[in-house]
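Undergrad: coords please:
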Amino acid sequence: MDYAEMVKQILAAEQGAKALADEAQEKEQQLQEGLDQEIDAMRQDYMARANQRLEEVRATETAAAEGKRRQMDERLDQAMQTVEAAYEKNKEQWVGTLFTMIVGVEPS
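TA: Residues are numbered from 1 along each chain as shown. As a prediction, the model looks like this:
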């Protein structure tokens, strides 16, 4: 084998190695892009699921708050009915007592 043939083989081997290195680098870049896309898709999926759960919690909390508000309204209504019933029952006596306390004379 002469010197020129050896140089050609070395250059061919070097070009083949460079082509393999370029191909490997391209595949690595493609893999990295694929991983980046998967990571982004996973992040979006997690955020969507988190937002969905957040909405479920909000709905649950809103429903619970509405239920408590209704209970409090019912208790207030019952208390007001009790006060109004007591007023209707004792109105004349309370008016007489207040009159006596203010004027100092028993009403006739």
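Undergrad: Average pLDDT for stretch 43-61, rounded please.
TA: Across stretch 43-61, the average pLDDT comes to 97.
Undergrad: What ranges does this structure have for its helices?
TA: Remark: helices of the chain, listed N- to C-terminal, are 3-103; assignment by DSSP state H.
Undergrad: The residue nearest the centre of it and Thr60, how far apart?
TA: Closest residue to the average C-alpha location of the chain: Leu54 at 2.7 Å, with Cα atoms, centre = their mean. In this structure, Leu54 and Thr60 are separated by 11 Å, where distance is defined by Cβ to Cβ, to the nearest Å. In short, each C-beta sits where N, CA and C put it, glycine included.
Undergrad: and what of Phe99?
TA: 55 Å.
Undergrad: So between these two, which is more surrounded?
TA: Per other Cβ atoms under 10 Å, whichever of Phe99 and Thr60 has more neighbours is Phe99, with 13 against 10.
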